[in-house]
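Engineer: Task: produce atomic coordinates for the following.
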Amino acid sequence: MSDQRPGRTAAGAPSGILLLDKPSGISSNAALSRAKRVLGIRKAGHTGTLDPMASGLLVLCFGEATKVSGFLLDADKAYAAEATLGVSTDSEDAEGEVIAEHPVPEFSREDIEAALTFFRGPIEQVPPMHSALKHKGQRLYELARKGEVVERPPRAVVIHALECVDWSSPRMRLNVRCSKGTYIRSLVRDLGEVLGCGAHLSALRRTLSSPFEITDAITLDALSDLEADSARVLLLSPDRAVLHFPAVQLDEDFALRLQQGQTLPGIKGEPGLVRTYRDDDFLGLATLDEDGRLRAKRLLATNPS
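Structural biologist: All right, here's what the predicted structure looks like:
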């Protein structure tokens, strides 16, 4: 089997991955709820939220695909962002209260490029107060709403690519590709500090959540116009989340034994996590040890043929 060939779950099972282009102005959970109603599938989840202000790619997992959603949480992301210089807000984005204003110097493109070099590669980033991280059991955004500010330890993230694609004072458009856990709001905040005039995130659009791209996503309005059967056609096979693992093809007997929790001997392949298939049916993930023994790791509910 080709490692790039997507498999299926059991015939008729409403499971799969939906690539949604979330509009700005609603939460990720609200977008998920609308998608669930259209598809008529109750079991669902997303693989990384977008703030209400942000638009773009929201990867949603339905049915048995939720079992592989965890493998998408660590995925690299890419964004098209707009930073407005000279104005800082308490939330670090356009939805917050203005806390400081400064004149914006006449920066050249060389000035901007010099500032961006501070943020490429591995960096440490202090998360924003308006975030879902917890401090002593409370969400930071809950404390922020009370006017409280607490110390947040910096977190290691990686900025794989950072490019200024347009500079027209006071607004700057950036393309960013980064590791999981990166706050673009905080990146813009820190860029404003380096430039000495402050800044906030004024627009954000997610264009990639590896391996998926925004060009393959459907808008929420377009999805809402579909009947359930038509919407379900858009679901990608759950194995699309884990194509970076090698594939192992099993016959009927071995597939059934794996699903029953048995260890399978004599399996050839590289040790580690593998995708398992019966014909084109994706069974789920298993671990292959150095002695060729295959053990179930995260199997999907499928019906034996």
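
Engineer: what about the protein, any weak spots by pLDDT?
Structural biologist: Scanning the chain for pLDDT under 70 picks out the ranges 1-13, 129-151, 302-305.

Engineer: what about residue 114, how many neighbours?
Structural biologist: A count of neighbours around residue 114, defined by other C-beta atoms under 10 Å, yields 13. In this view, the C-beta of every residue, glycine as well, is placed from N, C-alpha and C.

Engineer: Kindly report the same for residue 91.
Structural biologist: When neighbours are defined as other C-beta under 10 Å, residue 91 has 20 of them.

Engineer: for residue 34, same thing?
Structural biologist: Using other C-beta under 10 Å, residue 34 has 17 neighbouring residues.

Engineer: who's in contact with it?
Structural biologist: Applying C-beta atoms under 8 Å, 6 or more residues apart in numbering to residue 34 gives the contacts 220, 223-224.

Engineer: that's a helix at residue 230, yeah?
Structural biologist: Yes: under DSSP: H, G, I helix; E, B strand; the rest coil, residue 230 sits within a helix.

Engineer: ok, it to residue 103 distance?
Structural biologist: As judged by C-beta to C-beta, to the nearest Å, residue 230 and residue 103 stand 54 Å apart.

Engineer: In terms of neighbours, single out the busier of the two.
Structural biologist: A direct count of neighbours by other C-beta under 10 Å for residue 230 and residue 103 places residue 230 higher, at 12 against 9.

Engineer: This structure - how does it break down into domains?
Structural biologist: What automatic domain parsing lists as the domains of the chain is 16-72+211-238, 77-209, 245-299.

Engineer: which of the ones you listed is buried the deepest?
Structural biologist: domain 16-72+211-238 (a mean of 18; mean count of other C-beta atoms under 10 Å).

Engineer: what's the span of that domain, first residue to last?
Structural biologist: 5 Å (C-alpha to C-alpha, to the nearest Å).

Engineer: How far off centre is that domain?
Structural biologist: In terms of C-alpha atoms, centre = their mean, to the nearest Å, the centre of domain 16-72+211-238 is found 12 Å from the chain centre.

Engineer: same deal with stretch 106-115?
Structural biologist: Centre-to-centre, stretch 106-115 and its host chain are 31 Å apart (C-alpha atoms, centre = their mean).

Engineer: which other residues reach that stretch?
Structural biologist: 105, 164, 167, 169, 172, 191, 194-195.

Engineer: which among these gets closest to residue 239?
Structural biologist: residue 164 (37.6 Å; C-beta to C-beta).

Engineer: what bridges to that closest one?
Structural biologist: Beta-bridge pairing of residue 164 under DSSP bridges involves residue 174.

Engineer: That one against residue 117, yeah?
Structural biologist: No: judged on C-beta atoms under 8 Å, residue 164 makes no contact with residue 117 at a distance of 11.3 Å.

Engineer: if you look at the contacts of stretch 106-115, which of them are in helices?
Structural biologist: 191, 194-195 (DSSP state H).

Engineer: Could you export these as JSON lines, including distance to residue 62?
Structural biologist: JSON lines is the format used below for the ones in helices among the contacts of stretch 106-115 (distance: C-beta to C-beta, whole Å):
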{"residue": "191", "distance to residue 62": "38"}
{"residue": "194", "distance to residue 62": "42"}
{"residue": "195", "distance to residue 62": "44"}
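
Engineer: Tell me which residues touch residue 232, please.
Structural biologist: The neighbours of residue 232, taking C-beta under 8 Å, 6+ apart as the test, are 14, 16, 39, 41.

Engineer: again, but for residue 51
Structural biologist: Applying C-beta under 8 Å, 6+ apart, the residues near residue 51 are 93, 204.

Engineer: ok, now how distant is it from residue 108?
Structural biologist: For residue 51, the distance to residue 108 - C-beta to C-beta - is 31 Å.

Engineer: so what does the host helix or strand of residue 253 touch, helix or strand wise?
Structural biologist: Assessed by DSSP states H and E, residue 253 sits inside helix 252-259. Helix 252-259 sits against strand 272-278, strand 281-288, strand 294-299, with contacts defined as 3 or more C-beta pairs under 8 Å, 6 or more residues apart in numbering; DSSP states H and E.
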